[in-house]
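Student: could you work out the structure for the sequence below:
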Amino acid sequence: MALEPSFLRVPRAGVTSRFLPVKDVPELSRGKGNKLFDISSKKFASREDFLTGMTVVPKDKSLIVRSGDRKMTIEWKDLKDYRGERAQRGSVLPRGWRTVDLLETE
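Tutor: Prediction:
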């Protein structure tokens with residue numbers, strides 16, 4: 001299955017991440033919000049679970065994950081390991097990359 005331009009979510013300070021095909025995100029009328037995944041109010045208030053970053057990665061581009069002074073580049077073909085459906089949790093980022101400061105595309 002080919003990946004399409006996707007969102008990356010990185011909740012819980014990078015512990016889980018997931019790509020979601022943009023076509024799976026419904027467009028809502030009148031500026032209403034769109035829930036991509038659920039975070040309970042209690043976990044959000046205690047900072048146990050929160051959104052760290054989100055970016056769109058076009059096909060044949062790479063994702064750059066920055067953690068402190070370190071930089072990890074994930075090629076488009078390797079993003080399949082993080083592919084998921086809407087409302088799923090996602091995969092664990094590699095050890096040492098679980099505190100994400102910035103997401104970029106290259």
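Student: what's the closest non-adjacent residue to E104?
Tutor: Spatially, and ignoring its direct neighbours in sequence, E104 is nearest to I64 (4.2 Å; CB to CB, 6 or more residues apart in numbering). Where you see a C-beta, it was placed from the backbone N, CA and C, and this is true even at glycine.
Student: contact partners for that neighbour?
Tutor: Contacts here follow CB atoms under 8 Å, 6 or more residues apart in numbering; on that basis I64 touches 71-74, 102-106.
Student: return the subset of these lying in strands.
Tutor: Counted as lying in strands by DSSP state E, out of the contacts of I64, are 71-74, 102-105.
Student: pLDDT for those residues - can I get that in a markdown table?
Tutor: As requested, these are exported to a markdown table (pLDDT from 0 to 100):
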| residue | pLDDT |
| --- | --- |
| K71 | 92 |
| M72 | 89 |
| T73 | 92 |
| I74 | 87 |
| L102 | 84 |
| L103 | 84 |
| E104 | 86 |
| T105 | 88 |
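Student: got the residues you listed as TSV, with distance to R95 and neighbour count columns?
Tutor: As requested, those are exported to TSV (distance: CB to CB, whole Å; neighbours: other CB atoms under 10 Å):
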residue	distance to R95	neighbour count
K71	16	11
M72	12	14
T73	17	11
I74	15	20
L102	19	12
L103	19	20
E104	21	14
T105	24	14
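Student: so which of these is the closest to K59?
Tutor: Nearest to K59 among the ones in strands among the contacts of I64: T105, at 11.0 Å, using CB to CB.
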